[in-house]
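Enquirer: Turn this into a structure:
(4 chains)
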Protein chains: 2
Amino acid sequence: MSEEQAGQVAPLLKALADPVRLRLMSMVLSHHGGEACVCDLTPAFDLSQPTISHHLKVLHEAGLVDREKRGVWVYYKARPDAMAAILNLFATTGAAV
Amino acid sequence: MSEEQAGQVAPLLKALADPVRLRLMSMVLSHHGGEACVCDLTPAFDLSQPTISHHLKVLHEAGLVDREKRGVWVYYKARPDAMAAILNLFATTGAAV
DNA sequence: ACAAGACATTGATGAGTATCGATGTCTGAG
DNA sequence: CTCAGACATCGATACTCATCAATGTCTTGT
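Expert: Numbers count the residues shown, from 1 in each chain, chains lettered A, B, ... in the order given. Prediction:
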């Protein structure tokens, strides 16, 4: 794998490489409609609301989730292209095992 | 995904979530016999030998690679079970996209 | 025994990060 | 307009990490 490709994919993995963000991502993916608002996610953790907000921001800035404000609530949704990039990484590189 | 599962997989991703370690892993996987010695890996980077040794240690402690000393050289090899754990993560969780 | 080479470990430093409490911003209800 | 609630941002703190130079540990060749 090229140095450039590694530099592109590593930030995606970095954003996912946290138990909280991994669960957040999983919850967003498995939620009805593939999206979830913060109020759905926060209660599942023993963490403060600003901390969850921080983790969601990390996922968003990595390009893993989209953000949409509807009324009082903010909904997060997985970005298929980012997920595909990761799947592609392990499908090609990981297939050599 | 469960809190326990997240706590198990996150360290694996964390170990891979670095451009240098991603390339190291890729080089090990694509090398002849699925293994490579440090002398094969170090020259590919513009980093000091201790730094490469450090990254290999991180991959090893995460359980992603095995280590074997043969003569003067140390060979690193990917652990199929760890790779499978990651593949499984994205095959199940990521399939929902 | 000695020297050289391959790799690991140590110690230090600067950069990044997870977390919280406090505070700010927006939206809908009354 | 005012108030309450949902979420983000800010500032601070403690912790982790990537990197290097220096040094240590083996192993092989002479």
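Enquirer: can we go C-alpha only for contacts and neighbour counts from here?
Expert: Will do.
Enquirer: residues from chain A in reach of DNA strand D?
Expert: Within chain A, the positions near DNA strand D by CA under 7 Å from any atom of the strand are A:37-40, A:49-50, A:52-54, A:56-57, A:72-75.
Enquirer: Could you identify the buried members of these?
Expert: Among the residues of chain A next to DNA strand D, those classed as buried by 16 or more other CA atoms under 10 Å in any protein chain shown are A:37-38, A:52, A:56, A:75.
Enquirer: Which two of the residues you listed have the greatest separation?
Expert: A:I52 and A:Y75 (13.4 Å; CA to CA).
Enquirer: Buried residues in the helix or strand of chain A with the lowest mean pLDDT, which are they?
Expert: None of the helices or strands of chain A scores lower by mean pLDDT, DSSP states H and E than helix A:80-92, at a mean of 85. Neighbour-count burial for helix A:80-92, with 16+ other CA under 10 Å as criterion, is recorded at A:82-83, A:86-87, A:89-90.
Enquirer: I'd like to know the average pLDDT value across stretch A:54-67.
Expert: Stretch A:54-67 carries an average pLDDT of 98.
Enquirer: close to DNA strand C, is that stretch?
Expert: Yes - contact of stretch A:54-67 with DNA strand C (CA under 7 Å from any atom of the strand) involves A:54-55.
Enquirer: Between the two ends of that stretch, how far is it?
Expert: The first residue of stretch A:54-67 is 13 Å away from its last residue (CA to CA, to the nearest Å).
Enquirer: Residues in contact with that stretch: which ones?
Expert: A:11-12, A:15-16, A:20-21, A:24, A:74-79, A:82-83 (CA atoms under 8 Å, 6 or more residues apart in numbering or on different chains).
Enquirer: cutoff 10 Å now
Expert: A:9, A:11-16, A:18, A:20-22, A:24-25, A:28-29, A:35-38, A:41, A:48, A:50-53, A:74-83 (CA atoms under 10 Å, 6 or more residues apart in numbering or on different chains).
Enquirer: So which of the buried ones among the residues of chain A next to DNA strand D sit within helices?
Expert: Those of these mapping onto helices are A:38, A:52, A:56, per DSSP state H.
Enquirer: What segments of chain A are strands?
Expert: Ranges of strands in chain A, per DSSP state E, are A:35-37, A:65-70, A:73-78.
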